[in-house]
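# Next comes the sequence, and after it the predicted model I'd like to discuss.
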Amino acid sequence: QKGELEARISSFSSDIEVAGSKIEELASAIATAERDVKDATLVREKEAADFASSEKELMETIDALGRAVGILEKEMSKNPAAFAQMDTSNFAGVVQGISS
């Protein structure tokens, strides 16, 4: 019976070593996954900031285009025929007024 118990103890010791090795592997995998998540989070935060900046710029552009359309509609309503024959030398002033 003593030999049988010693064999079981040896088997359990071996199982403990295998489990300890597996725990170390899993701990390493978890640490790697946590680093990957942290890196991905940083990338996503940067992408979100870039998107917000681009969106703001595009919204400002859309607003400027809306103002330009309003100015053009107002000018065309004054004299639609004359608009096609408009003096383009003063166009810089119109563009400057739209962009401000």
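Thanks, I have the structure now.
# all helices for this structure, in order.
2-78, 80-84, 91-99 (DSSP state H).
# Dump those helices into a markdown table; add mean neighbour count and mean pLDDT as well.
Bear in mind the C-beta positions are built from the backbone N, C-alpha and C, glycine included. Formatted as a markdown table, the helices of the chain follow (neighbours: other C-beta atoms under 10 Å; pLDDT from 0 to 100):
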| stretch | mean neighbour count | mean pLDDT |
| --- | --- | --- |
| helix 2-78 | 10 | 94 |
| helix 80-84 | 9 | 62 |
| helix 91-99 | 11 | 67 |
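# Send me stretch 49-63 as PDB with only the CA atoms.
This file holds the C-alpha atoms of stretch 49-63, laid out as PDB (Å, rounded to 0.1, in the frame of the first residue of the first chain):
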ATOM      1  CA  ALA A  49      -9.500  62.200 -32.200                       C
ATOM      2  CA  ASP A  50      -8.500  62.300 -35.800                       C
ATOM      3  CA  PHE A  51     -12.100  61.700 -36.900                       C
ATOM      4  CA  ALA A  52     -13.400  64.400 -34.600                       C
ATOM      5  CA  SER A  53     -10.900  66.900 -36.100                       C
ATOM      6  CA  SER A  54     -11.800  65.900 -39.600                       C
ATOM      7  CA  GLU A  55     -15.500  66.000 -38.900                       C
ATOM      8  CA  LYS A  56     -15.100  69.500 -37.400                       C
ATOM      9  CA  GLU A  57     -13.300  70.700 -40.500                       C
ATOM     10  CA  LEU A  58     -15.900  69.100 -42.800                       C
ATOM     11  CA  MET A  59     -18.700  70.700 -40.900                       C
ATOM     12  CA  GLU A  60     -17.000  74.100 -41.200                       C
ATOM     13  CA  THR A  61     -16.700  73.500 -44.900                       C
ATOM     14  CA  ILE A  62     -20.300  72.500 -45.200                       C
ATOM     15  CA  ASP A  63     -21.300  75.700 -43.300                       C
END
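# So that it lines up with my notes, have the first residue be 56 from now on.
Okay, residue one is now 56; in that scheme the one you just asked about reads as stretch 104-118.
# which residues does S83 contact?
If a contact means C-beta atoms under 8 Å, 6 or more residues apart in numbering, then S83 has no contacts.
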